Every structure is written in structure tokens, then in C-alpha cells.
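A.B. asks: Just need the structure, nothing else, for what follows:
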Amino acid sequence: MAKSTIRLQAKLKDNITQIKALIKHPMEIGTRRDLKTGKLIPAHFIQELTCTHEGKIVMSANWGSGIAMNPYFAFRFKGGAIGETVILAWKDNLGKKGARKVAIKKSRR
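C.D. replies: Coordinates of the predicted model:
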């Protein structure tokens, strides 16, 4: 798994944990052509995305080729405590994977 593919934050405020993530991924749709060769660029996109908090799934998504390159997303869930862990993991259509684990921090706002 490649840790460097995900920037991840988890912050707690009023018993709500906010997750913000940026995933470095080409997200090719499979219909673009290489300008030099004229050949189709093969599809390469994230298919599965999951976020777990202390071993329990708090978010899961099935993505397709319509998601932009280097996708950013954010969501919230109830619960969590400062110092507990959150893991965000993805798997793409070519079988490649990435994951990142962070501790929940207190929100400054």
C-alpha cells in the first residue's frame, strides 16, 4: 500500500468527526487518446473507497471513471475521540491499493 497517495485529516468538534482527504490518482476514463501515438489511454480509476474508525466502517463508496483526477472529498460522522484512529483505503480497477491511517485531532474552530 502506498501511504503517499493520500493526504488525510480527521478533526473532532462537538462529537462530530470531520474527514478531509485528497487522493493522488490519475483517474483515466479510458476514452482519451494519447496525443503522440493516437492510441487510447487505458481506463485507470478508483473503484472502492472505505473509511474505518476503530475497525468499524463509517463510509464506503463505489466510484467509477467519472471522478476527477486527484479527487478531494470530505464527510462527517458522529462519534470518535481525540487520539482514536481513522483509516482511509482505496482500490482501483487495476488492482492497485492505497491507504492512510491518522489519529483524530481536536478541531481548532
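A.B. asks: which residues of this structure score low on pLDDT?
C.D. replies: Within the chain, the segments meeting pLDDT under 70 span 1-4.
A.B. asks: who's in contact with the residue nearest the centre of it?
C.D. replies: In the chain, the residue lying closest to the centroid (Cα atoms, centre = their mean) is I23, at 5.3 Å. Contacts for I23 (Cβ atoms under 8 Å, 6 or more residues apart in numbering) come out as 5-6, 46, 70-72, 90, 98. All C-beta spots, glycine's among them, are computed from the backbone N, C-alpha and C.
A.B. asks: So of those, which two are at opposite extremes in space?
C.D. replies: For these, the maximum inter-member distance is 14.7 Å, found between Y72 and G98 (Cβ to Cβ).
A.B. asks: higher neighbour count, the two?
C.D. replies: G98 (20 against 10; other Cβ atoms under 10 Å).
A.B. asks: Next up, the contacts around the residue lying closest to that one once chain neighbours are set aside.
C.D. replies: Of all residues beyond its chain neighbours, the one nearest G98 is T5 (3.9 Å), with distances taken as Cβ to Cβ, 6 or more residues apart in numbering. By Cβ under 8 Å, 6+ apart, the contact set of T5 is 23-25, 90, 98, 100.
A.B. asks: okay but T31 is in contact with G66, surely?
C.D. replies: No - if you go by Cβ atoms under 8 Å, T31 and G66 don't touch, sitting 11.3 Å apart.
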